[in-house]
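>>> I need the structure of the sequence given here:
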Amino acid sequence: QVQLEESGGRLVQAGDSLDLACAGSQSAFSRRSVAWFRRAPGKEREFVASIQSDTTTIYYVDSVRGRFTISRDNAKNTVYLRMNSLKPEDTAVYYCASSEYWTVEARNYDYWGQGTQVTVNS
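Predicted coordinates for the structure are as follows:
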């Protein structure tokens, strides 16, 4: 079983940048695709970005493309989400998730972290 732990969420101002990290508990993490999802207050969970194990495939939801960057360091079993030009509508709990396959569908991710809160003030 792969355990995931997110970190880096905090209160920021609109226009600020923020780095999130997702640490995996096992080396197997480096062989799995990882995605970031988010859930804003009163809204459904939303796909944000995903990265394949070998980084050959990366995908972003339209609302963050050009502002967010997903990356990974397999030697450290860690996936990152660099968030630039943050907007109030980016406020959400951000979750990382791991899948054996590259996918944007939440139902295909079998391991999830507990989430980290990102709040963007206007």
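>>> Tell me which helix or strand comes right after the helix or strand in which residue 21 is found.
Per DSSP states H and E: residue 21 is located in strand 18-24. Later in the chain than strand 18-24, the nearest helix or strand by DSSP H and E is strand 33-39.
>>> Listing partners with orientation, what would you give for that next one?
Its sheet considered, strand 33-39 pairs with strand 46-51 (antiparallel), strand 92-99 (antiparallel) by DSSP bridges.
>>> Can you list the buried residues in that strand?
Neighbour-count burial for strand 33-39 flags 33-38 (criterion: 16 or more other C-beta atoms under 10 Å). All C-beta spots, glycine's among them, are computed from the backbone N, C-alpha and C.
>>> And stretch 99-117, by the same measure?
99, 102-104, 106, 109, 111-113, 115-116.
>>> Now compare those and name the two farthest from each other.
Maximum pairwise distance in these, criterion C-beta to C-beta, is 22.9 Å, between 102 and 116.
>>> Report pLDDT for the spatially most central residue of the chain.
For the chain, residue 36 is the residue whose C-alpha lies nearest the centre (C-alpha atoms, centre = their mean; 2.5 Å). Residue 36 is assigned 98 on the pLDDT scale.
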